[in-house]
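*Asks:* quick check, what structure comes out for this input:
(chains A, B, C, D, E and F)
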There are 6 protein chains.
Amino acid sequence: MERLTIGKETLKKVDGKAGDAVIKSLEEIAPDVGKYIFEFAFGDIYNRSGLNLKQREMITITALLIQGDTSSQLNVHINGALNVGLTKNEIVETFIQCIPYIGFPRVLNAINIAKEIFKKN
Amino acid sequence: MERLTIGKETLKKVDGKAGDAVIKSLEEIAPDVGKYIFEFAFGDIYNRSGLNLKQREMITITALLIQGDTSSQLNVHINGALNVGLTKNEIVETFIQCIPYIGFPRVLNAINIAKEIFKKN
Amino acid sequence: MERLTIGKETLKKVDGKAGDAVIKSLEEIAPDVGKYIFEFAFGDIYNRSGLNLKQREMITITALLIQGDTSSQLNVHINGALNVGLTKNEIVETFIQCIPYIGFPRVLNAINIAKEIFKKN
Amino acid sequence: MERLTIGKETLKKVDGKAGDAVIKSLEEIAPDVGKYIFEFAFGDIYNRSGLNLKQREMITITALLIQGDTSSQLNVHINGALNVGLTKNEIVETFIQCIPYIGFPRVLNAINIAKEIFKKN
Amino acid sequence: MERLTIGKETLKKVDGKAGDAVIKSLEEIAPDVGKYIFEFAFGDIYNRSGLNLKQREMITITALLIQGDTSSQLNVHINGALNVGLTKNEIVETFIQCIPYIGFPRVLNAINIAKEIFKKN
Amino acid sequence: MERLTIGKETLKKVDGKAGDAVIKSLEEIAPDVGKYIFEFAFGDIYNRSGLNLKQREMITITALLIQGDTSSQLNVHINGALNVGLTKNEIVETFIQCIPYIGFPRVLNAINIAKEIFKKN
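*Replies:* Down below sits the predicted model:
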């Protein structure tokens, strides 16, 4: 099966409708970026063996929290974390584990995004 | 048991001698920072339930990779990740999972540090 | 007096109602993070001798400006800076001193937040 | 001709009305920052020989994308890039070239800002 | 022609021997990362139309300067910039254009790396 | 008195010989950057009223600590902080105040640089 198809299936499994919306938002001015997200991020990387999807989403939400200015992406991937089976508590604990390494501000930002998502789930 | 004692035991479990060296390096001009690392980082945070030490170290090495300018800390915590039972492959996969979120440069930096550590283990 | 009580009093002195709101917003999904802000950030760190609260808030707003993606926290701590006695002019000068070290964009972001706060004070 | 006058003319050429709005927004609490943007950023730097304005704006939008938390500034300078003659396609390609070096999140943020601007142009 | 072959040829054109050394350094513990650099960074991205290699390297060295903690990568890509035809003066001007957006420290770091490279060229 | 002269005198007062070395290192490939450091950073910014040099250096070392990848600049400005009259204890307290806002890694990096400088002073 080719990278694009594999990537589309994995993105659907992880991010569901929110992932579709990201790809769709790119169609107008940068459709190839959507293709790279399918092929490279989800086709090549997420499908690797060695870590399961729960571990990969735990790493992803950590990466987004630490980097900052990623509220849209945290929105998609906190939902993704829930989709692949991380519990709300595991998500919050992941954020708390980041405090000694990045301080409180970025962690508070991530918690505020999670709070809104958890209300709807 | 008090936070300081708990923290010292956890730091020993995670970082072994490298952790001791960090604390010792602080004694001369900022001993309280060593105390906060024991009490807050390792006493309060690492000892929380909800995630195990393997998960916490996976989050930590992700946080350090993404933040950048953390080569000493990555050195300590890649060793820490091995100490608590992550395999070399899981550590490298953690770094690879970061590529779509931070690009290649930070990931290459982390891999180079891991390579030196893996040679000795 | 214990860390939690000390921290609560210091947070009140520095951030006033805005600090309360941050802690309250954490109650629902991450109450322990509120506890750590009281105990560690305000109980342990802000209460240290060696620098006064005006100096500590000057350092804090600098840290938040440089880090970026901290508009909520800058909001709280520009108010905090006024609460502990920094003048509006000292706050703006602190931001201007950052220009050679981080460039204009982060400084403009901080000035825009300050402008809204200064209108109400 | 003095730096202030040169800077004002260059800022007008690059950023048009959006640049004026930035300077005006500074008048109330930090007018000197507006003066430094005119004199230093646009008087000293943008007027240097060696690169033309299209190249300088390509560098600027790259810098803003990579740094993050710069949505207002990206807004001004994507418009600026169009003003000095970069095509929409060149702007999007500039963002795509950043993917291997900073990952997808920052690039998606920049594309979303460009999409809104391109609709109006 | 497939992505891997295209990528290898482009990497050779841009980074020459330094690029080979990066890929070789990955063989031991993370060979797939080398494959992704060939296929994705150089096969997919650098080969896109719309910008030429001189423009792409100008964007790349800007991205690396702004991100920070990228001295190895700046080393490779300042050489790459020379390889594809940017002059020493254009490289230094690219760095100078970054001052208003990121301040002096990152720019000084990049200039110091360039200085060592320019001595040998 | 003109900006260049004012800046040179202020740089000498703050950074002493280390500042001279930075400017000298720029002469070969980017002398204008040295001129901008004199004129803009030290002529325009450091000479403003509203904050004294001790406060300005406190802000500067905070900015450098938070930004990261600034070890050369921290080296210059920790010395600068001592030159303008900050005590060793005030410098360490400045770093400790940053822990809640950026976490331990960046603070440990800054403390390690200070430790080497304090040995010689």
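*Asks:* okay, CA-based contacts and neighbour counts for the rest of this
*Replies:* OK.
*Asks:* so where do the helices sit in chain A?
*Replies:* Assigned by DSSP state H, the helices in chain A fall at A:3-26, A:31-36, A:53-67, A:71-83, A:88-97, A:99-102, A:104-119.
*Asks:* any buried residues in the lowest-mean-pLDDT helix or strand in chain A, and which?
*Replies:* Between all helices and strands in chain A, the lowest mean by mean pLDDT, DSSP states H and E belongs to helix A:3-26, at a mean of 91. Burial within helix A:3-26, assessed by neighbour count using 16 or more other Cα atoms under 10 Å in any protein chain shown, is assigned to A:3-4, A:6-8, A:10-12, A:14-16, A:18-19, A:22-23, A:25-26.
*Asks:* just to revisit the earlier point, least reliable of the helices of chain A going by mean pLDDT?
*Replies:* Between those, the one with the least mean pLDDT is helix A:3-26; it has a mean of 91.
*Asks:* packing partners for it?
*Replies:* Applying 3 or more Cα pairs under 8 Å, 6 or more residues apart in numbering or on different chains; DSSP states H and E, one finds that helix A:3-26 contacts helix A:31-36, helix A:71-83.
*Asks:* returning to what we had before: contacts for the least confident helix or strand of chain A?
*Replies:* Helix A:3-26 is contacted by residues A:31, A:33-35, A:37-44, A:46-47, A:53, A:76-77, A:79-81, A:83-84, D:111-112 when judged by Cα atoms under 8 Å, 6 or more residues apart in numbering or on different chains.
*Asks:* near chain B, which residues of chain A? Just list them.
*Replies:* A:40-41, A:45-46, A:50-51, A:56, A:58-60, A:62-64, A:66-67, A:89-90, A:93-94, A:96-98, A:100-102 (Cα under 8 Å from any Cα of the partner chain).
*Asks:* walk me through the domains of chain A.
*Replies:* Following the assignment in automatic domain parsing, chain A carries domains at A:1-48, A:52-121.
*Asks:* tell me which of those domains sits most buried.
*Replies:* Compared across the domains of chain A, domain A:52-121 shows the largest average neighbour count, a mean of 21 (mean count of other Cα atoms under 10 Å in any protein chain shown).
*Asks:* right, is it up against chain D?
*Replies:* Yes: contact between domain A:52-121 and chain D, assessed by Cα under 8 Å from any Cα, occurs at A:G68, A:D69, A:T70, A:Q73.
*Asks:* list, out of those residues, those positioned next to chain C.
*Replies:* Restricting those to those adjacent to chain C (criterion: Cα under 8 Å from any Cα) gives A:G68, A:D69.
*Asks:* of all the residues of domain A:52-121 next to chain D, which comes closest to chain F?
*Replies:* Of all the residues of domain A:52-121 next to chain D, the one with the least separation from chain F (Cα to the nearest Cα) is A:G68, at 12.0 Å.
*Asks:* what's the closest non-adjacent residue to the closest one?
*Replies:* Leaving aside its sequence neighbours, A:G68 sits nearest to C:D69 (Cα to Cα, 6 or more residues apart in numbering or on different chains; 6.1 Å).
*Asks:* which residues does the one you found contact?
*Replies:* C:D69 sits in contact with A:G68, A:D69, A:R106, D:G68, D:D69, where contact means Cα under 8 Å, 6+ apart.
*Asks:* give me the most central residue, chain A.
*Replies:* Of all residues in chain A, the one closest to the mean position by Cα atoms, centre = their mean is A:H77, 2.6 Å from it.
*Asks:* near chain F, which residues of chain A are found?
*Replies:* Close to chain F, as judged by Cα under 8 Å from any Cα, chain A has residues A:I99, A:P100, A:Y101, A:I102, A:G103, A:F104, A:P105.
*Asks:* so what touches stretch A:93-108?
*Replies:* For stretch A:93-108, the external contacting residues (Cα under 8 Å, 6+ apart) are A:58, A:62, A:65-66, A:68, A:110-111, B:40-41, B:45-46, B:50-51, B:56, B:59-60, B:63-64, B:67, C:33, C:37, C:69-70, C:73, F:99-105.
*Asks:* centre of the chain to it, how far?
*Replies:* Its chain's C-alpha centre and that of stretch A:93-108 lie 17 Å apart, by Cα atoms, centre = their mean, to the nearest Å.
*Asks:* quick one: end-to-end distance for that stretch.
*Replies:* Across its full length, stretch A:93-108 reaches 13 Å end to end, with Cα to Cα, to the nearest Å as the criterion.
*Asks:* same check on stretch A:78-89?
*Replies:* With Cα to Cα as the measure, the ends of stretch A:78-89 fall 12 Å from one another.
*Asks:* looking at chain A, which residue is nearest chain C?
*Replies:* Counting by Cα to the nearest Cα, chain A gets nearest chain C through A:D69, at 5.4 Å.
*Asks:* and that residue, how far from E:L26?
*Replies:* From A:D69 to E:L26 the distance is 30 Å (Cα to Cα).
*Asks:* again with A:F40
*Replies:* A:F40 sits 19 Å away from E:L26 when distances are taken as Cα to Cα.
*Asks:* do the same with A:K35
*Replies:* Distance, A:K35 to E:L26, by Cα to Cα: 26 Å.
*Asks:* same deal with A:K119?
*Replies:* From A:K119 to E:L26 the distance is 44 Å (Cα to Cα).
*Asks:* ditto for A:S72
*Replies:* With Cα to Cα as the criterion, A:S72 and E:L26 are 33 Å apart.
*Asks:* what do you get for A:G85?
*Replies:* 33 Å.
*Asks:* does A:G80 touch A:E57 like I think?
*Replies:* Yes: assessed by Cα atoms under 8 Å, A:G80 is found in contact with A:E57 at 7.0 Å.
*Asks:* from chain A, which residue is nearest to chain D?
*Replies:* Chain A approaches chain D most closely through A:D69 (5.4 Å), counting by Cα to the nearest Cα.
*Asks:* contacting residues for A:R56?
*Replies:* By Cα under 8 Å, 6+ apart, A:R56 lies in contact with A:Y46, B:T94, B:Q97.
*Asks:* show me which of the residues you listed is closest to chain F.
*Replies:* Closest approach to chain F among those (Cα to the nearest Cα): B:T94, at 19.6 Å.
*Asks:* taking chain A, what residue is nearest to chain E?
*Replies:* The minimum distance from chain A to chain E, using Cα to the nearest Cα, falls at A:F40 (7.3 Å).
*Asks:* who touches that residue in this structure?
*Replies:* Contacts of A:F40 (Cα under 8 Å, 6+ apart): A:R3, A:G7, B:P100, E:F40.
*Asks:* and the residues you listed, which two are the farthest apart?
*Replies:* The most widely separated members of these are A:R3 and B:P100, with 15.4 Å between them, by Cα to Cα.
*Asks:* what's A:E28 sitting at in phi/psi?
*Replies:* A:E28 adopts backbone torsions of phi -70, psi -50, taken as degrees, to the nearest 10.
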